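Novice: this is a predicted model, with the sequence first.
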Amino acid sequence: MPGYPQDILQNRSVVKHGNYAVITPQGRVINVVPGIEDCQMTILATPKMGASFVQLIGQLGANAKTTLAYGAKPHEEAFIYLLDGEAELKVTVGGESRVLKQGGYAYAPPGAGIGFENSNHQAGRILLYKQRYVEHPAGLKPYTVFGSVHDIEWADYDGMANVHIKDLLPIEQNFDMNMHILSFDPGASHNIIETHVQEHGAYVYEGQGCYLLDENWYLIKEEDFIWFGPYCKQASYAVGRGPFTYIYSKDCHRDVEI
């Protein structure tokens, strides 16, 4: 990014405030996030575009660490995912710590917050996420979760053998959100054009696909981030010779207040 441009300025990003957005790598900038040191953070989604959550991606430096727990306000729940690299990330939620490698993740219930430290000083990237927790009407409470995608078996998505999903959090009403990994084999697609109240934030880390967002189709590539607002029409199919895979968030298990 620094220095003079090497070509004609271009950017595939599209932002339809309150509806959807595609944030591509070309236009990203580094943001200062208080409490996070030696980590180049980019803020991908916020309420300023219409999302009800905040999502960031960060490049870990050798001495990356938090000095303030992330997402630690009483109404905030948070999630961290070690996207790639050789880093071994010591993650602390409340009083519990685990060392995460690539594919590792942690969920922090409301008020607990997430702390981390690059324990082996190697390169890596993280996704950070937080949203406002919605209480369960019967008082069920979420709890701390540590895990790795490598310990989860693929399941068929909506009964389709060529679309695969991993649920990273328990499918329980204690949780008002989940994180999933969805992967399409070459040529596979959604089975319907979805229209639903849930919103998503999706980070594409493998392959490419064509995605319908509202009334428009977009070519989506590896390293793109997509925000889907509530009731935005959405569907995709994989193109190319390899899988089309992304990690995405979803709000769930709650009624809508009026």
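Specialist: Structure's in. What do you need? Keep in mind the model is a prediction, meaning the values are calculated, not measured. Residues are numbered from 1 along each chain as shown.

Novice: what about Ile220, which SS state?
Specialist: strand (DSSP: H, G, I helix; E, B strand; the rest coil).

Novice: before we move on, which element is the residue lying closest to it once chain neighbours are set aside in?
Specialist: Leaving aside its chain neighbours, Ile220 sits nearest to Tyr211 (4.8 Å; criterion: C-beta to C-beta, 6 or more residues apart in numbering). The C-beta positions use only the backbone N, C-alpha and C, and glycine is treated the same way. In this structure, Tyr211 sits in strand 208-213 according to DSSP states H and E.

Novice: note down every partner strand of that strand and its orientation.
Specialist: Counting by DSSP bridges, the strands paired with strand 208-213 are strand 216-221 (antiparallel), strand 234-239 (antiparallel).

Novice: quick one on the thing from earlier: residue contacts, the residue nearest to Ile220?
Specialist: Val22, Trp217, Tyr218, Ile220, Ile226, Gln234, Ala235, Ser236 (C-beta atoms under 8 Å, 6 or more residues apart in numbering).

Novice: circling back: now for the strands paired with strand 208-213, which one comes closest to Ile258?
Specialist: strand 234-239 (24.6 Å; C-beta to C-beta).

Novice: just after that closest one, pick out the following helix or strand.
Specialist: Taking DSSP H and E, what comes next after strand 234-239 is strand 244-251.

Novice: number of residues surrounding the residue nearest to Val14 when sequence neighbours are not counted?
Specialist: Closest residue to Val14 apart from its sequence neighbours, by C-beta to C-beta, 6+ apart: Val22 at 4.7 Å. For Val22, the neighbour count with other C-beta atoms under 10 Å is 22.

Novice: for the host helix or strand of Val22, list the C-alpha coordinates in CSV.
Specialist: Element membership for Val22 (DSSP H and E) is strand 20-23. Extracted C-alpha coordinates of strand 20-23, given in CSV (Å, rounded to 0.1, in the frame of the first residue of the first chain):
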residue,chain,number,x,y,z
TYR,A,20,-24.8,-5.0,1.7
ALA,A,21,-21.1,-4.5,1.0
VAL,A,22,-18.2,-6.1,-0.6
ILE,A,23,-14.9,-5.0,0.8
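
Novice: what pairs with that strand, parallel or antiparallel?
Specialist: strand 14-16 (antiparallel), strand 225-228 (antiparallel).

Novice: ok, and what's touching that strand?
Specialist: 12-15, 44-45, 49, 211, 213-214, 218, 220, 224-229, 232, 234.

Novice: so the residue nearest to Val14 bridges to which residues?
Specialist: Here Val22, judged by DSSP bridges, has bridge partners Val14, Ile226.

Novice: with that, I have no additional questions.
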